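S.K.: Provide a 3D model corresponding to the input given below.
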Amino acid sequence: RVLTDTGSIYLHCDPTASHYLKILMDTIFGANGFRNEIVWKRTTAHNDPGRYGANIDTILYYSKGDNWTWNEIYLAHDEKYIARFSHQDPDGRLWSDDNLSAKGLSGGGYEYEYKGCKSLWRCPIETMQRLDAEGKLHFTNKGGIRLKRYLDENEGTVLQALWDDISPINSQARERLGYATQKPEALLERIIQASSNEGDIVLDPFCGCGTAVVAAQRLNRKW
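M.R.: Numbering: from 1, shown residues only. Predicted coordinates:
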């Protein structure tokens with residue numbers, strides 16, 4: 001009733017009830033309102049005799065309408081990915097090289113000669129000239145041309161439905177209040193950033209120890 005047409009709702013639960021609650025959410029918001037089932041790794045390891053360690057929670061994400069508010073969230077690349085950018089410009093910018101040839105690709109390409117190198121290219125000559133003017137072409141020792149992809153132009157990895165990068169609140173955490181089911185502020189901040197803009201209203205109908213409203217206040221949302 002109070003959710004706007006551009007609004008979203010997140011329901012946090014554990015796997016013992018998530019399948020029942022998903023049916024209820026489908027009934028209220030419609031199956032078309034279902035956006036994601038998010039799995040949050042809420043603890044590093046859990047010892048449960050006779051079964052696999054129960055270390056995850058479920059977050060059901062629904063929207064009310066077809067034009068819901070959405071802000072893409074990116075995560076920093078891991079060290080293995082960054083290691084791919086092994087080349088460096090004189091100004092210190094890191095880059096990796098990528099293929100510009102269209103050979104073997106379905107749909108063909110653009111055949112022409114550019115600076116003595118004739119091939120079937122993925123881009124028209126106008127794009128090739130623009131990339132060259134921007135310093136984004138790498139001319140190899142064997143006479144080929146490769147595309148330079150700069151690390152600092154990559155926003156990061158798009159956030160997926162498995163969240164294993166937000167740690168639970170341990171006994172030494174500064175934000176710990178002693179509330180039995182207290183959630184990390186980072187978890188609520190991520191949700192609020194993705195599904196609202198500054199000035200929007202965030203409603204936490206249960207409120208617990210107030211983590212959601214703290215995150216909303218910090219992100220300049222009403223609550």
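S.K.: give me the number of residues near the nearest residue to Thr44 once chain neighbours are set aside?
M.R.: Closest residue to Thr44 in three dimensions, ignoring its sequence neighbours and counting by CB to CB, 6 or more residues apart in numbering: Asn55, at 7.0 Å. Every residue, glycine included, has its C-beta placed from N, CA and C. Neighbour count of Asn55, defined by other CB atoms under 10 Å: 16.
S.K.: Tell me the pLDDT of Asn55.
M.R.: Looking at Asn55, its pLDDT reads 92.
S.K.: ok, Thr181 to Phe206 distance?
M.R.: Using CB to CB, to the nearest Å, one obtains 10 Å as the distance from Thr181 to Phe206.
S.K.: Name the residue in the two with the higher neighbour count.
M.R.: Thr181 (11 against 7).
S.K.: which ones are touching that one?
M.R.: The contact partners of Thr181, taken as CB atoms under 8 Å, 6 or more residues apart in numbering, are Gly208.
S.K.: Helix or strand: which one has it?
M.R.: Under DSSP states H and E, no helix or strand contains Thr181.
S.K.: Need the phi and psi values for it.
M.R.: In terms of degrees, to the nearest 10, the main-chain angles of Thr181 are phi -120, psi 30.
S.K.: Am I right that the residue nearest to Thr44 is in contact with His46?
M.R.: Yes. Checked against CB atoms under 8 Å, the pair Asn55 and His46 is within contact range at 4.4 Å.
S.K.: Quote the end-to-end distance of stretch 204-212.
M.R.: 7 Å (CA to CA, to the nearest Å).
S.K.: Can you give me the buried ones in it?
M.R.: Across stretch 204-212, burial judged by 16 or more other CB atoms under 10 Å covers 209, 211-212.
S.K.: Please enumerate the helices of this structure.
M.R.: Counting by DSSP state H, the chain has helices at residues 18-29, 79-82, 125-133, 185-195, 211-218.
S.K.: Only alpha carbons, please: show the first one as CSV.
M.R.: Just to be clear, that refers to helix 18-29. Taking Å, rounded to 0.1, in the frame of the first residue of the first chain, the C-alpha atoms of helix 18-29 are listed here in CSV:
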residue,chain,number,x,y,z
SER,A,18,12.6,-18.6,2.1
HIS,A,19,10.6,-20.9,-0.3
TYR,A,20,7.4,-20.3,1.6
LEU,A,21,7.9,-16.6,1.8
LYS,A,22,8.7,-16.4,-2.0
ILE,A,23,5.2,-17.8,-2.7
LEU,A,24,3.7,-15.2,-0.4
MET,A,25,5.7,-12.4,-2.2
ASP,A,26,4.6,-13.8,-5.6
THR,A,27,1.0,-13.6,-4.4
ILE,A,28,1.3,-10.0,-3.2
PHE,A,29,3.6,-8.5,-5.8
